[in-house]
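K.L.:
the following block contains a protein sequence and its predicted model.
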Amino acid sequence: MNELSLVAQAAFQPANTADIADAVVAASGLRIEVDRRRGRGAGMNPSGRFEPHERVAFDDGWESLEDMPPFRTEVQVERPRTVITRNESPDIPFDRSINPYRGCEHGCIYCFARPTHSYMGLSAGLDFEAKLFAKPDAPKLLERELAKPGYKPRTIAIGTNTDPYQPIEREWRIMRQILEVLNKANHPVAVVTKSALILRDLDILSSMASRGLAKVAISVTTLDRKLARSMEPRASTPSRRLEAIRALSGAGVPTGVLVAPVIPALNDHEIERILDSAKAAGANEAGYVLLRLPLEVSPLFRDWLLQHYPDRYRHVMSLVRSMRGGKDYDAEFGKRMKGAGPYAWQISRRFEMTTKRLGMVRRGMHLRDDLFVPPDGSGVQLSLL
């Protein structure tokens, strides 16, 4: 039996839930020592689902585990052939996006993008947070793609998979260079982030917004600093995100708040408070996404929940399944973002009533695409190295 499934099954035993889960994880060698993963979200680093072998750490009697180094952020260069990703999903309001990075140092335990690291032969657990990929050619690739004959501009979404303003952006500055290309071409962009680092680029965003070319959504999962620290350890604090909303909206950038993810019996009681606080800070749009637990995310989230909130484990997972057709996750279009059933309807209704009371728009504003000026295509030859 797969060791990850043992962790999940332990939660349904009649004895002490947390003790059983800890015993199962310790026996299988999946859980990493706290000192080695301090400041990270995931507690495990299981092998990717495409790997032929499962590698686990165990004490061979020589106390070698004590000498293993902590997980440190490593960044590799990725050189893709294209940078604009297309999609035809009927429940997503955009058809193209850009991801300057692969993996995310924020370490959000609930991140639905974690399974993508398996395509790199890496783990969706700690590897996703510590072994990152940067795309320094992205601005040049973008300029080349925008210059192609017949290119038709539509809003490019950035931050839909991994956060473009995660900590390594301070050094790599790939997102800023992308914005410079879009600004020069008068191309519309919509940014989603949970980082106050976005304020570094306020000059570009405010300039684009004045022409109807930019908008931003700040993700605020909780206003509880303790919950935020354990659930999304390297993201900006809730107060910093509200400050970012205030600064962006004050500079004329249309700014919204994204309550994502909504986790039943953990942060769903904060919906109204988050919306009230975001509105007071200047947010004029709002949206929400229900917790998504695809593939490896489910056992990682379960393990985190057992570590931090063992008393709520059964209640949280029971409500999640009630909105996912009895499963941890339902990927069906139209249901994956909002769920189904009475509890999902209740969340939707609460959100609808609050946004109506606050006068917040639920459907995003349309950005202009009639000002687009294609780059001339010169100076975009890429390095062969």
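P.N.:
Looks like it came in fine.
K.L.:
which residues in the stretch 251-385 of the chain form helices?
P.N.:
Using DSSP state H, counting those that start in this stretch, the helices found in the stretch 251-385 of the chain span residues 271-281, 297-308, 313-322, 342-358.
K.L.:
comparing these, which comes out most buried?
P.N.:
helix 297-308 (a mean of 23; mean count of other Cβ atoms under 10 Å). C-beta coordinates here come from the backbone N, C-alpha and C atoms, glycine included.
K.L.:
low-confidence regions, this structure specifically.
P.N.:
1-29, 57-67, 377-385 (pLDDT under 70).
K.L.:
got the angle between the biggest strand by length in it and helix 342-358?
P.N.:
If you go by DSSP state E, the chain has its longest strand at strand 255-262. Interaxial angle of strand 255-262 relative to helix 342-358 (axes from the mean of the first three to the mean of the last three Cα atoms, to 10 degrees): 160 degrees.
K.L.:
with just CA atoms, put strand 255-262 into PDB.
P.N.:
Taking Å, rounded to 0.1, in the frame of the first residue of the first chain, the C-alpha atoms of strand 255-262 are listed here in PDB:
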ATOM      1  CA  THR A 255      -7.400  46.200  -7.200                       C
ATOM      2  CA  GLY A 256      -9.400  43.300  -6.000                       C
ATOM      3  CA  VAL A 257      -9.200  40.700  -3.200                       C
ATOM      4  CA  LEU A 258      -9.200  37.000  -3.800                       C
ATOM      5  CA  VAL A 259     -10.300  34.900  -0.800                       C
ATOM      6  CA  ALA A 260      -8.500  31.800  -1.700                       C
ATOM      7  CA  PRO A 261      -8.700  29.100  -0.700                       C
ATOM      8  CA  VAL A 262     -11.800  28.900   1.400                       C
END
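K.L.:
so Val192 is in which element?
P.N.:
Val192 belongs to strand 189-193 when elements are defined using DSSP states H and E.
K.L.:
can you tell me how far Arg96 sits from Thr162?
P.N.:
From Arg96 over to Thr162 the distance is 16 Å, taken as Cβ to Cβ, to the nearest Å.
K.L.:
of those two, which one has the most company?
P.N.:
More neighbours surround Thr162 than the other of Arg96 and Thr162, with 22 against 14 (other Cβ atoms under 10 Å).
K.L.:
what sits against that one?
P.N.:
Asn99, Tyr101, Arg102, Gly103, Cys104, Cys111, Ala113 (Cβ atoms under 8 Å, 6 or more residues apart in numbering).
K.L.:
which stretches of this structure form strands?
P.N.:
Under DSSP E, the chain gives strands at 74-77, 84-86, 96-98, 101-102, 131-134, 156-158, 189-193, 214-219, 255-262, 285-290.
K.L.:
relative to Ser298, which of those strands is closest?
P.N.:
Nearest of the strands of the chain to Ser298, taken as Cβ to Cβ: strand 255-262 at 13.2 Å.
K.L.:
residues contacting Val259?
P.N.:
Ser219, Val220, Thr221, Ile271, Ile274, Leu275, Ala286, Gly287, Tyr288, Val289, Phe351.
K.L.:
mind listing residues that contact stretch 223-237?
P.N.:
So stretch 223-237 is contacted by 39-41, 105-110, 129, 163, 166-167, 194-197, 221-222, 238-239, 244, 266-267, 270, 273-274, 277, 304, 308 (Cβ under 8 Å, 6+ apart).
K.L.:
just put the contacts of Val259 in CSV and tack on distance to Ser298.
P.N.:
What follows is these, written out as CSV (distance: Cβ to Cβ, whole Å):
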residue, distance to Ser298
Ser219, 21
Val220, 24
Thr221, 18
Ile271, 23
Ile274, 25
Leu275, 28
Ala286, 27
Gly287, 24
Tyr288, 20
Val289, 16
Phe351, 24
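K.L.:
closest one to Asp91 out of those residues, please.
P.N.:
Nearest member of these to Asp91, counting by Cβ to Cβ, is Val289, at 10.6 Å.
K.L.:
residues near that closest one, how many?
P.N.:
17.
K.L.:
now the nearest residue in space to it that is not next to it in sequence: how far from Gly43?
P.N.:
Distances taken as Cβ to Cβ, 6 or more residues apart in numbering put Ala260 closest to Val289, at 4.0 Å, once the chain neighbours are dropped. Per Cβ to Cβ, Ala260 is found 22 Å from Gly43.
K.L.:
got the angle for the strand holding Val192 vs strand 255-262?
P.N.:
50 degrees.
K.L.:
many thanks, we can stop here.
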